[in-house]
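Colleague: Prediction below, plus the sequence it came from.
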Amino acid sequence: VQLQASGGGLVQAGGSLRLSCAASGRTFSNYGMGWFRQAPGKEREFVALIRQSSTTYYADSVKGRFTISRDNAKNMVYLQMNSLKSEDTAVYYCAAARIWTIRGSEYDYWGQGTLVTVSS
């Protein structure tokens, strides 16, 4: 599975962005899809996860503000980000895993990342 993330940019605090992740390969629907982020000088952290069945799970820091979704027919996964805060500034990565996990080390495939900058 090859992944291509897009949709990042500069947005003011309180604004919204939608990230997209395009996946190649016929087995996309077999994978759980996650979003992770890495802020400057910080470790990568889990953001959101969606199962093959579309069950979702979120980090506490984004719960209620971010929504992950997927379209298996289009091989796409999305991250709708609302009420953005300056602390959401990071490079965001999509990733694919065969298991239900929030551990980045257990993901099999990664996209290249897209930068989100939230100005206060």
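Modeller: Done, it's in. Every value quoted in this text rests on a predicted model; they were computed, and no experiment measured them.

Colleague: Now the residue nearest the centre of the chain. Nearest residue, chain neighbours left out?
Modeller: Centrality entry for the chain: nearest residue to the mean C-alpha point is Trp35, 2.4 Å, by C-alpha atoms, centre = their mean. Nearest in space to Trp35, with sequence neighbours left out and distances taken as C-beta to C-beta, 6 or more residues apart in numbering, is Val47 at 4.3 Å. Yep, even glycine has a C-beta here, placed from its N, CA and C like the rest.

Colleague: In this structure the one you found contacts Ala59, no?
Modeller: Yes. Val47 lies in contact with Ala59 (C-beta atoms under 8 Å); the separation is 5.5 Å.

Colleague: For my notes, confirm Glu87 occurs in a helix.
Modeller: Yes. Judged by DSSP: H, G, I helix; E, B strand; the rest coil, Glu87 forms part of a helix.

Colleague: Run a quick neighbour tally on the closest residue to Glu106 other than its chain neighbours.
Modeller: Distances taken as C-beta to C-beta, 6+ apart place Ala97 nearest to Glu106, at 5.9 Å, with adjacent residues excluded. Neighbour count for Ala97, taken as other C-beta atoms under 10 Å: 19.
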